[in-house]
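Visitor: Following is a predicted model, sequence given first.
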Amino acid sequence: MKNKCRIRKWQLKDAGSLAAALSNKKVQDNLRDGLPYPYTEKDGGDFISEMLSADENETFAFAITVDDVAVGSIGVFRQGNIHRQTAELGYYIAEKYWGKGIMTEAVKQVCDYVFQKSDIIRIYGEPFAYNTASLRVLEKAGFQYEGTLRNNAVKNGKVLDMKMYAILKEED
């Protein structure tokens, strides 16, 4: 079966499609705060430059592409101190690609990459509890539900629960 998507290193030419994906309130409502809205091509270029200059053993950042067009972002970020072999997964995809299995495929690809190329032993994600699509992505990618983080975030003026999911290197 042909892959639905491919993950690859960011390229500066991806800034426009990144801006298009992130200038959508529905996408941003599922992400952490701090992203500009509307999200401009310059914002995209700045983010891409930052990801390309990041330490490749700490930040594993990729564009999610369909037919070599960036349609989303996925990253795995090493934690510190006693959690130095643990990494947090973050991702989003343009709304028009929701519900097509692309994100599940991208999560599997990035986990395979990180587990093969680093000493990371655990990758976790913490989606908002209401984001059932994101919870399903993690479940379908082999992540285990570990618990609910009650009142763990404030987003758009609401106090929200988050759900903790993780996959271990030996489970991948």
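Guide: Nice, thanks for sending it over.
Visitor: ok, the nearest residue to residue 141 once chain neighbours are set aside - contacts?
Guide: For residue 141, ignoring the flanking residues on the chain, the nearest one in space by C-beta to C-beta, 6 or more residues apart in numbering is residue 107 at 4.0 Å. In this view, the C-beta of every residue, glycine as well, is placed from N, C-alpha and C. Residues touching residue 107, when contacts are defined by C-beta atoms under 8 Å, 6 or more residues apart in numbering, comprise 74, 89, 91, 137-138, 141, 143.
Visitor: Wait, residue 151 touches residue 162, no?
Guide: No. Using C-beta atoms under 8 Å as the test, residue 151 is too far from residue 162 to be in contact (9.3 Å).
Visitor: More neighbours: which of these two?
Guide: Counted by other C-beta atoms under 10 Å, residue 151 and residue 162 do not tie: residue 162 has more neighbours, with 20 against 10.
Visitor: So what touches the one helix or strand the more buried one maps to?
Guide: Assigned by DSSP states H and E, residue 162 belongs to strand 158-168. Here strand 158-168 makes contact (C-beta under 8 Å, 6+ apart) with 111, 121-130, 135, 138-139, 141-154.
Visitor: Weed out the non-buried ones from those residues.
Guide: 111, 122-129, 135, 138, 141, 143 (16 or more other C-beta atoms under 10 Å).
Visitor: Narrow these to those in helices?
Guide: Using DSSP state H, the subset of the buried ones among the contacts of strand 158-168 located in helices is 111, 135, 138.
Visitor: Show me what the strand or helix carrying residue 16 is packed against.
Guide: According to DSSP H and E, residue 16 maps onto helix 15-22. The contact analysis (3 or more C-beta pairs under 8 Å, 6 or more residues apart in numbering; DSSP states H and E) places helix 15-22 against helix 41-53, strand 69-78, strand 86-93.
Visitor: Let's see that with 7 Å instead.
Guide: helix 41-53, strand 69-78 (3 or more C-beta pairs under 7 Å, 6 or more residues apart in numbering; DSSP states H and E).
Visitor: Just the mean pLDDT for it, thanks.
Guide: When pLDDT is averaged along helix 15-22, the result is 95.
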